[in-house]
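**Q** Return a 3D structure for these sequence lines:
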Amino acid sequence: MKLTYADLPDLYRVYLQHPQVSIDSRKVAAGGLFIALRGQSDGNRFAAAALDAGAAYAVVDNPGVVVPEDDRYLLVEDSLRTLQQLAQRHRAAFRMPVFAITGSNGKTTTKELIAAVMSQQYRVHATPGNYNNHIGLPLTLLSMPAGTEFLILEMGANHKGEIAELCGIGRPTHGLITNIGEAHLEGFGGKEGVKIGKGELFDFLHANGGVAFVNTDESELAEMSQRLARCIAYFSSENPSLTVAGLEIKTVATHPHLRVAFFSEARELIETDTQLSGEHNLQNVKSAIAVGRYFKVPGAGICTALANYRPANHRSQWLNHREVAFYWDAYNANPSSVAAALNSFAADHEPADSVVILGEMLELGEAAPAAHRRVALRAGQVARTVLLVGEEMKEVAREFDRPWFADSRQLAEWFWLQDWSGKTVFVKGSRGNRLERLLD
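**A** Below is the predicted model of the structure:
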């Protein structure tokens, strides 16, 4: 038979009949749709295996893998582009609020807090884990359950143009930027590039009549919001008042956990505890409150959601492992997030009783040497014992005469031979450091 390219309307009808989409042949659902992507390994090579495992169809972009007499192979010009177009088409079929979150730090925690708050009132679908890129975001859209009333899309980027691309697929109606920090400096070309890249969310909302939520305590966000037509401002205040424009949130306590207060729908100042600590998490909590109040989630529901949320996945976690107390925040790291986490830790721990483990920070480009020196210097003010991990930390360790380890395996071998009685260990590093090996 002659091979022909499948067109999008036909593919979308196939998807609607087989809405469980997978890009991993080992995890394909029976009766689902396998989309073969080219990456470190070419997904086209696994199309037959996916069909054998029960997939109803395999979308491929290599004619060489198609079995001519097998109608289950759907040939397209570009499988990745097809995945994105299917998601875009699916998004267009819905009219619920679509809330986008981007920023240098705190995206995932903010997403999870907002999801917890909004779930008190609505059927919510949110980005799983950190599926926040050009592949993960389309998969999030295509996995949206029927009856979803509120969709939350986390958007990550390491160079300019990525957020604009993701907005083109997800078409957010509302959104926020957590902050502008020193993340992915190499790809963005410096902090000003980060500002432009993350600001693409505001650009999209402004151009399409969307609503931006702005934490005006972040000076750069306050400045960026000046050009927006529709903006919801929120900020910290020691004496909240109903007469002030914008939503005011009071910090009642920061340690050992955050406690905040805000005005409910009954115009009463109510307080709630959280299981989070630190200024950086305060910003995340404030965002969740602001979104909940705007979408009319009752104040009691907001309080319940915030009080019940438990950080996980190596983010802002207090752990006790082999009788050693850890503050674990090692899912990602950049100069801004490391400084914020160290400042929070220092507020509640004496240097003599503290140990700091810092993994190298990735994707910083020319800024890397100075950035690593800066965070190591701050770590030395926070703890008497500072352990540094990774190639980017090697020169800093030599300069400050600190123990250095090439990788987390080497660290773990040494670490568990020491006596850490009475110490609290702070752990922060980029995901690529694999610092969780310390817990193996």
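**Q** From now on I want contacts and neighbour counts done on CA atoms only, so please keep to that.
**A** Fine.
**Q** domains of the chain?
**A** 8-79, 94-308, 317-439 (automatic domain parsing).
**Q** for the ones you listed, which one sits closest to residue 87?
**A** domain 94-308 (5.0 Å; Cα to Cα).
**Q** End to end on that closest one, go ahead and measure it.
**A** Start to finish, the residues bounding domain 94-308 are 30 Å apart (Cα to Cα, to the nearest Å).
**Q** For the remainder of this discussion, apply numbering that starts at 257.
**A** In the new count, where the first residue is 257, that last one comes out as domain 350-564.
**Q** how distant is that domain from the center of its chain?
**A** 11 Å (Cα atoms, centre = their mean, to the nearest Å).
**Q** any chance of the domains of the chain in a markdown table, plus mean neighbour count, mean pLDDT and distance to residue 344?
**A** Output for the domains of the chain, formatted as a markdown table (neighbours: other Cα atoms under 10 Å; pLDDT from 0 to 100; distance: least, Cα to Cα, whole Å):
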| stretch | mean neighbour count | mean pLDDT | distance to residue 344 |
| --- | --- | --- | --- |
| domain 264-335 | 18 | 95 | 10 |
| domain 350-564 | 20 | 93 | 5 |
| domain 573-695 | 18 | 91 | 29 |
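**Q** from what I can see residue 330 touches residue 315, true?
**A** Yes - applying Cα atoms under 8 Å as the test, residue 330 and residue 315 come out as touching, 4.7 Å apart.
**Q** about what we covered before: need the domains of the chain in a markdown table (columns: distance to residue 341).
**A** Shown next, in a markdown table, are the domains of the chain (distance: least, Cα to Cα, whole Å):
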| stretch | distance to residue 341 |
| --- | --- |
| domain 264-335 | 8 |
| domain 350-564 | 8 |
| domain 573-695 | 29 |
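**Q** got the contact list for residue 577?
**A** By Cα atoms under 8 Å, 6 or more residues apart in numbering, the contact set of residue 577 is residue 695.
**Q** roughly how far apart are it and residue 511?
**A** Distance from residue 577 to residue 511, by Cα to Cα: 22 Å.
**Q** Same check on residue 493?
**A** Residue 493 is 18 Å from residue 511, by Cα to Cα.
**Q** what does residue 682 give?
**A** The value you get for residue 682 to residue 511, if Cα to Cα is used, is 16 Å.
**Q** Check residue 395 too.
**A** Taking Cα to Cα, one finds residue 395 at 38 Å from residue 511.
**Q** Let me see the ranges of the strands in the stretch 557-696 of the chain.
**A** Per DSSP state E, counting those that start in this stretch, the stretch 557-696 of the chain carries strands over the ranges 573-577, 580-585, 610-615, 641-645, 660-661, 680-684.
**Q** counting contacts, what elements does the third one pack onto?
**A** Going back to what we said before, that points to strand 610-615. Applying 3 or more Cα pairs under 8 Å, 6 or more residues apart in numbering; DSSP states H and E, we find strand 610-615 packed against helix 624-638, strand 641-645, strand 680-684.
**Q** Listing partners with orientation, what would you give for it?
**A** With DSSP bridges as the test, strand 610-615 is paired with strand 641-645 (parallel), strand 680-684 (parallel).
**Q** rewinding a little: and the helices and strands packed on strand 610-615: which comes nearest residue 326?
**A** That would be strand 680-684 among the helices and strands packed on strand 610-615, by Cα to Cα, at 50.9 Å.
**Q** Name the surrounding residues that touch that closest one.
**A** For strand 680-684, using Cα under 8 Å, 6+ apart, the contacting residues are 580-589, 594, 601, 609-615, 691.
**Q** cutoff 7 Å now
**A** 581-586, 589, 594, 609-615 (Cα atoms under 7 Å, 6 or more residues apart in numbering).
**Q** For that strand, output the C-alpha coordinates as PDB.
**A** What follows is strand 680-684, C-alpha atoms only, in PDB (Å, rounded to 0.1, in the frame of the first residue of the first chain):
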ATOM      1  CA  THR A 680      20.700  19.400  61.400                       C
ATOM      2  CA  VAL A 681      21.800  18.900  57.800                       C
ATOM      3  CA  PHE A 682      20.700  21.300  55.000                       C
ATOM      4  CA  VAL A 683      20.800  19.800  51.500                       C
ATOM      5  CA  LYS A 684      20.400  21.800  48.300                       C
END
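**Q** and the end-to-end length of stretch 607-627?
**A** 22 Å.
**Q** Give me the contacts around that stretch.
**A** With Cα under 7 Å, 6+ apart, stretch 607-627 has contacts from 440-442, 589-591, 635, 638-646, 648-649, 678-686, 689.
**Q** Quick check: the residue nearest to residue 369 when sequence neighbours are not counted vs residue 284, distance?
**A** Distances taken as Cα to Cα, 6 or more residues apart in numbering put residue 544 closest to residue 369, at 5.7 Å, once the chain neighbours are dropped. Residue 544 sits 34 Å away from residue 284, going by Cα to Cα.
**Q** what does residue 675 give?
**A** Taking Cα to Cα, one finds residue 675 at 47 Å from residue 284.
**Q** now residue 360
**A** 33 Å.
**Q** Then residue 347?
**A** 23 Å.
**Q** and what of residue 578?
**A** Note on residue 578: its distance to residue 284, by Cα to Cα, is 38 Å.
**Q** Contact partners for residue 668?
**A** Counting by Cα under 7 Å, 6+ apart, the residues that residue 668 touches are 693, 694.
**Q** mind checking the end-to-end distance for stretch 507-517?
**A** Note: stretch 507-517 ends 7 Å apart using Cα to Cα.
**Q** Residues touching it, excluding its own?
**A** 505-506, 525-534, 604.
**Q** same thing but at 10 Å, please
**A** For stretch 507-517, contacts defined as Cα atoms under 10 Å, 6 or more residues apart in numbering pick out 492-496, 504-506, 518, 524-535, 537-538, 541-542, 545, 559, 562-563, 600-601, 603-604.
**Q** Which ones among those residues lie within helices?
**A** 535, 537, 538, 541, 542, 545, 559, 562, 563, 600, 601 (DSSP state H).
**Q** how much space between the closest residue to residue 301 other than its chain neighbours and residue 266?
**A** In this structure, residue 301 finds its nearest non-sequential neighbour in residue 321, 7.0 Å apart by Cα to Cα, 6+ apart. Distance, residue 321 to residue 266, using Cα to Cα: 21 Å.
**Q** go on, residue 571?
**A** For residue 571, the distance to residue 266 - Cα to Cα - is 42 Å.
**Q** Give me the secondary structure label for residue 396.
**A** helix (DSSP: H, G, I helix; E, B strand; the rest coil).
**Q** How about it, nearest residue that isn't a chain neighbour?
**A** Going by Cα to Cα, 6+ apart, residue 396 has residue 383 as its nearest residue, at 5.6 Å.
**Q** Quickly find the element holding residue 310.
**A** Counting by DSSP states H and E, no helix or strand carries residue 310.
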